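[1] Need coordinates for the following:
(chains A and B)
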Amino acid sequence: SAVISQKPSRDICQRGTSLTIQCQVDSQVTMMFWYRQQPGQSLTLIATANQGSEATYESGFVIDKFPISRPNLTFSTLTVSNMSPEDSSIYLCSVEDPPWREQFFGPGTRLTVL
Amino acid sequence: GENVEQHPSTLSVQEGDSAVIKCTYSDSASNYFPWYKQELGKRPQLIIDIRSNVGEKKDQRIAVTLNKTAKHFSLHITETQPEDSAVYFCAASIGTGANNLFFGTGTRLTVIP
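    Presented below is the predicted three-dimensional model:
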């Protein structure tokens, strides 16, 4: 399966600031996704990062709050904008890995907003 | 979007016993159903998946069954071991691939030595 890395692994931020999380894959993949996992909770899909076009957001998530870039087939970024303590979560990227079309997760970024 | 319900939320079993976790989904267009295991502080790991063209799939001590008519699927772990202790998540995806996964709420499995 693809090897996925994320940066940073964790961060502590002040409210009102923004943080950009990077996701790097060691092979070209068509589909990349961003999820949020609040403490002790399940995973919630934020958006699908599409190469060459705007991301597709799930209900409850908007581009102004979570802008996403996908400049090529191995890299994506998620920005958490104008952060509040409610944004404290683990943010995970994932990829759909051919040929079996299974989804694998990166190690996650643990974000704490004070 | 899809709505996935998962039960139970916690499950304790004696080592060597079997564990069963059940999920239901709402969208009949869902065709792909993976199960993930997440240990504390780690990323979710895919342990088994099933597509709608089969009713059962087995991999050593782990099996998944799917009933498309009833819209439910289950994870079965036999001969449980302490290292099986983790949180397990089911998920469902519309279409044949693993895109746009909607997750259940998770089951915390504890295997008591």
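
[2] so how far is B:I62 from the closest residue to B:E83 other than its chain neighbours?
    Leaving aside its sequence neighbours, B:E83 sits nearest to B:V111 (C-beta to C-beta, 6 or more residues apart in numbering or on different chains; 7.9 Å). To be clear about C-beta, it is placed using only N, CA and C from the backbone, and glycine gets the same treatment. Shown here: B:V111 relative to B:I62, a distance of 14 Å by C-beta to C-beta, to the nearest Å.

[3] Same check on B:L109?
    B:L109 is 12 Å from B:I62, by C-beta to C-beta.

[4] re the thing from before, pull the number of nearby residues for the residue nearest to B:E83.
    Applying other C-beta atoms under 10 Å in any protein chain shown, we find 20 residues neighbouring B:V111.

[5] wait, isn't it in contact with B:A86?
    No. Counting by C-beta atoms under 8 Å, B:A86 is not a contact partner of B:V111; they are 9.4 Å apart.

[6] Could you tell me the model confidence score at the closest residue to A:Q38 other than its chain neighbours?
    Closest residue to A:Q38 apart from its sequence neighbours, by C-beta to C-beta, 6+ apart: A:S89 at 4.8 Å. As predicted, A:S89 sits at a pLDDT of 97.

[7] list the contacts for A:S89?
    Contacts for A:S89 (C-beta atoms under 8 Å, 6 or more residues apart in numbering or on different chains) come out as A:R36, A:Q37, A:Q38, A:P39, A:L111.

[8] can you redo the residues you listed as TSV with secondary structure and neighbour count?
    Listed next are the contacts of A:S89 as TSV, based on DSSP: H, G, I helix; E, B strand; the rest coil; neighbours: other C-beta atoms under 10 Å in any protein chain shown:
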residue	secondary structure	neighbour count
A:R36	strand	20
A:Q37	strand	22
A:Q38	coil	13
A:P39	coil	8
A:L111	strand	20
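
[9] any idea which of those is closest to A:Q14?
    A:L111 (11.9 Å; C-beta to C-beta).

[10] Would you check how far apart the closest one and A:L43 are?
    On the measure of C-beta to C-beta, A:L111 and A:L43 end up 15 Å apart.
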